[in-house]
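> Need coordinates for the below:
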Amino acid sequence: MIQTKLYPSRLCLLMAAIAGLCTSCSDITDSGGNTSLPNGRYPMTFSAAVDGLTVSRAATGKDTWTVNDEIAISVDGGTSNEKYKITSIYSTDGTGTLSPSTTGECCYWQQNKGQQILAWYPAVGAPDPSANPSTSYVDISNQQNGFSDFDYLTANVTTNFTTDAVSLSFKHQMAKVKCTLAAGEGINDTDLQSAEVKISGYTQVTFTKGTLSGIGDNGWITPGSDKEALVVPQDMAGKQFIKVTVGTGNTARDYYYTPGENNAALESGKAYTYAITVTKTGLEVTVTGNGASWGSESSLGDSSPSEIAYQVTIPQVEGMPIFTKTNLSSKAKDDIYTVSDASFSISYTVPTDDKGMTGFTPPRGLCNVERKLSSEGNGTNTYTFTYTNIHSDILLTYGPYAQMGDFYCRAADGTGYVVPGDATLTDTQKAACLGIVLKAGKDDSGNWKDEGNYTLKGTDTKLTDFHGYVLALYDAAASDGDGSLVQSFGWGPNEGIYIGTDQSWGALFCGYINTQIIKEYAERNEKDLATTFAATYYATDGYEAYENGKYASPSNSSGWFFPSAGQCWYWGQNKESLLAAMKKASGNDKYDWGETYWSSSENSYNGGYSAWFMRSRTGGMESLSKYNPICVRPLLAF
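Okay, here's the model as predicted:
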């Protein structure tokens, strides 16, 4: 949750102190039937939160407060208001502090009981040409560049006099709609790559004193690349709601989705996900997480509709073992099965000496997957993959597989391989283990978006088969002149210069890009990497060379790099399960994290003097001056 604390100006504080000398709290609250208070005598303080948001979300909407965000607060129903600006933000939980935009202009208590407080963001609202003909309504028809500019928020509470901060819970006034596309019969992946999605709704809005209104008739809204858009709440049942266009020019075909009752009763602050399978004859739509609180809509829902049958395709590939299946029907045709239950599973047995973990990965389709090592012994391992919350046809491919908590090892030939996290490690595997899988796969959108162009370690060859990220087993380290171990390094010089890395602290997997930026900056400005940007050096080249290459990255990986704040945040939010895997890999039950860890992401709030770091105790991100020496933990991609 994004939280904000609001404090009065010094003048307001002074007035509060003077008032406190004359009147006690009990005098105010025990005033009998008279509920009014003298105006300008008792300044108010507030705390604020935005429903349904977490500080880890990507900033396509109003997902985090930023410095100088301005909020309007009214204690007379919107007739008048005072403006407050955010002046600083605590990175651990999104908490921020505010001060009046104009010194001395605060909100004051008007009633000791039943005080109404109305607040809205942005403070200026949105134009209303009916009241001011020289303005224009806000056009929301094109949301390809995000929707943060019109993610309107309102808080409306009634409370009694208190000397504590009044809690204002802001609520999104828009509804959020997201679409996912999958290819059905007669449609291929190439068709979907160029498919265009549009969502019907009001294309013009106004937002006045915390009230959102749609203007005119419905039109077509173009969502962002993630097929997500904000719309004015209304019931779209029985109306053309979603349009999918496949093809271009004379070959273009439009498909429409018209929802039934209760499938598109859009409410403010709620999110709606529509899983769409496009076939040559029309759209097959499943509503998932219908009306979930904003921020929890990324899940596939609590259950899948058992009355719908889906196809499961498992192409035969070289090396694929014989498997047994549960809840999958006989083949409809070669390699294609059907599932009409809420889940199915696949089990197979392979020799334990097989190098690298393999499994059945769903590169296409909506479902959850869980892998379990169901038996060990006699030189073999049996694995069971269970697929639940099925909401579309699924394509499974057999090949290299990894998930968070797996062990990443380096073989004698210098290549890397994965050992399942629930396996019993041999002494050889423990000695070969370099780290733990932090995250599987690479996201091209959302919170953990990664736009890095990865190459194989020390080459210009592109890393084509991307399986995931590995967090190193140990902190970066070095030996000083007298042979003592050094495990704390400064980020960079205290010069107030932006190097150019990302400045997000709760999203983006961009450590690989950041590392390249820092190295290029050092080279371009003739700076010695090891002495000027020690954290970067010892997370990369220094870690590769430490103890005669004991922790050198495998040849089929990206090489070690300096993780971004988003990657450190992801690590911090999963620190308990990762720590258990680290203890198992190291064979040390007393293994623990260091206190603080640098990220490669700079902080935008103080002129380039600081960067983001993770505090392992909380798993949250904070800011620190770049010259301070703290721990560094490398990351690699494979």
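
> got a list of what Thr349 touches?
By Cβ atoms under 8 Å, 6 or more residues apart in numbering, the contact list for Thr349 reads 321, 380-383. (C-beta placed from N, C-alpha, C; glycine too.)

> Repeat the analysis, applying 10 Å as the threshold.
321-324, 374-375, 378, 380-383 (Cβ atoms under 10 Å, 6 or more residues apart in numbering).

> And the pLDDT at Gly608?
At Gly608, the model reports a pLDDT of 84.

> and the residue lying closest to it once chain neighbours are set aside, which of the three is it?
Excluding its sequence neighbours, the residue lying closest to Gly608 (Cβ to Cβ, 6 or more residues apart in numbering) is Tyr498, at 4.2 Å. The three-state label given to Tyr498 by DSSP: H, G, I helix; E, B strand; the rest coil is coil.

> Hmm, Tyr605 and Tyr498 touching each other?
No. Using Cβ atoms under 10 Å, Tyr498 is not in contact with Tyr605, being 11.7 Å away.

> Compare those two and say which is more crowded by neighbours.
Tyr605 (16 against 13; other Cβ atoms under 10 Å).

> From Met404, how far out is the residue most central in space within the chain?
Ranked by distance to the mean C-alpha position of the chain (Cα atoms, centre = their mean), the top residue is Asn447 at 3.0 Å. Asn447 sits 15 Å away from Met404, going by Cβ to Cβ, to the nearest Å.

> Likewise for Thr618?
Counting by Cβ to Cβ, the gap from Thr618 to Met404 is 20 Å.

> The two: which has the busier surroundings?
Neighbour comparison, Thr618 and Met404: the larger count goes to Met404, with 18 against 12 (by other Cβ under 10 Å).

> Can you report how many residues neighbour Asn132?
Counted with other Cβ under 10 Å, Asn132 comes out at 9.

> thinking again about what came up before, how far away is the residue nearest to Gly608 from Gly452?
20 Å.

> same check, this time on Glu261
46 Å.

> can you tell me how far the nearest residue to Pro321 once chain neighbours are set aside sits from Ser375?
Closest residue to Pro321 apart from its sequence neighbours, by Cβ to Cβ, 6+ apart: Tyr348 at 4.4 Å. Note on Tyr348: its distance to Ser375, by Cβ to Cβ, is 12 Å.

> how about the strands of the stretch 451-600 of the chain, start to end?
Per DSSP state E, counting those that start in this stretch, the stretch 451-600 of the chain carries strands over the ranges 468-472, 478-479, 485-486, 596-602.

> Serialize those to JSON lines and add fields for mean pLDDT.
Below are the strands of the stretch 451-600 of the chain laid out as JSON lines (pLDDT from 0 to 100):
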{"stretch": "strand 468-472", "mean pLDDT": "97"}
{"stretch": "strand 478-479", "mean pLDDT": "88"}
{"stretch": "strand 485-486", "mean pLDDT": "91"}
{"stretch": "strand 596-602", "mean pLDDT": "97"}
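
> Which among the ones you listed is found nearest to Ile513?
strand 596-602 (8.8 Å; Cβ to Cβ).

> still on that earlier bit, report the two of the contacts of Thr349 separated the most.
Most distant of the contacts of Thr349, by Cβ to Cβ, are Phe323 and Asn378, 18.5 Å apart.

> okay, the two: which has more neighbours?
Phe323 (16 against 9).

> contacting residues around that one?
314, 345-349, 360, 383-385, 398.

> if you set the cut-off to 8 Å instead, what comes out?
Applying Cβ under 8 Å, 6+ apart to Phe323 gives the contacts 346-348, 360.

> Kindly report the same for Gly587.
So Gly587 contacts Lys430 (Cβ under 8 Å, 6+ apart).

> pLDDT at it, what is it?
Note on Gly587: pLDDT of 94.

> Tell me the spacing between it and Cys433.
10 Å.

> Gly416 too?
Counting by Cβ to Cβ - Gly416 and Cys433 are separated by 10 Å.

> where do the contact lists of these two overlap?
408-409.

> for the strand or helix carrying Leu181, what is the average pLDDT?
If you go by DSSP states H and E, Leu181 is part of strand 175-183. Averaging pLDDT along strand 175-183 yields 91.

> where's the dip in pLDDT among the contacts of Thr349?
Ser375 (75).

> which residues touch Leu578?
404-405, 436, 438, 471, 571.

> quick check, nearest of the residues you listed to Thr66?
Nearest member of those to Thr66, counting by Cβ to Cβ, is Trp571, at 24.1 Å.

> just to revisit the earlier point, the more surrounded of Glu261 and Gly452?
Higher neighbour count among Glu261 and Gly452: Gly452, with 20 against 9, using other Cβ under 10 Å.

> Find the nearest non-adjacent residue to that one, please.
Here the residue nearest Gly452, using Cβ to Cβ, 6+ apart, is Tyr512, at 4.0 Å.

> What number of residues are in the vicinity of the one you found?
Count around Tyr512 with other Cβ under 10 Å applied: 27.

> Strands along the stretch 201-350 of the chain, start to end?
So, for the stretch 201-350 of the chain - with DSSP E, counting those that start in this stretch - the strands run 211-221, 228-231, 242-246, 253-257, 270-279, 282-293, 310-313, 323-326, 336-339, 343-351.

> Distance to Ile187 added to the ones you listed, as CSV?
Listed next are the strands of the stretch 201-350 of the chain as CSV, based on distance: least, Cβ to Cβ, whole Å:
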stretch, distance to Ile187
strand 211-221, 21
strand 228-231, 22
strand 242-246, 7
strand 253-257, 10
strand 270-279, 5
strand 282-293, 10
strand 310-313, 13
strand 323-326, 26
strand 336-339, 16
strand 343-351, 24
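
> number of nearby residues for the nearest residue to Thr180 once chain neighbours are set aside?
In space, and not counting its chain neighbours, Thr180 is closest to Ala275: 5.1 Å by Cβ to Cβ, 6+ apart. Residues lying near Ala275 (other Cβ under 10 Å) number 22.

> for Ala275, which residues make a bridge with it?
Assessed by DSSP bridges, Ala275 has beta-bridge partners Thr180, Thr286.

> How much space separates it from Asn132?
Ala275 is 43 Å from Asn132, by Cβ to Cβ.
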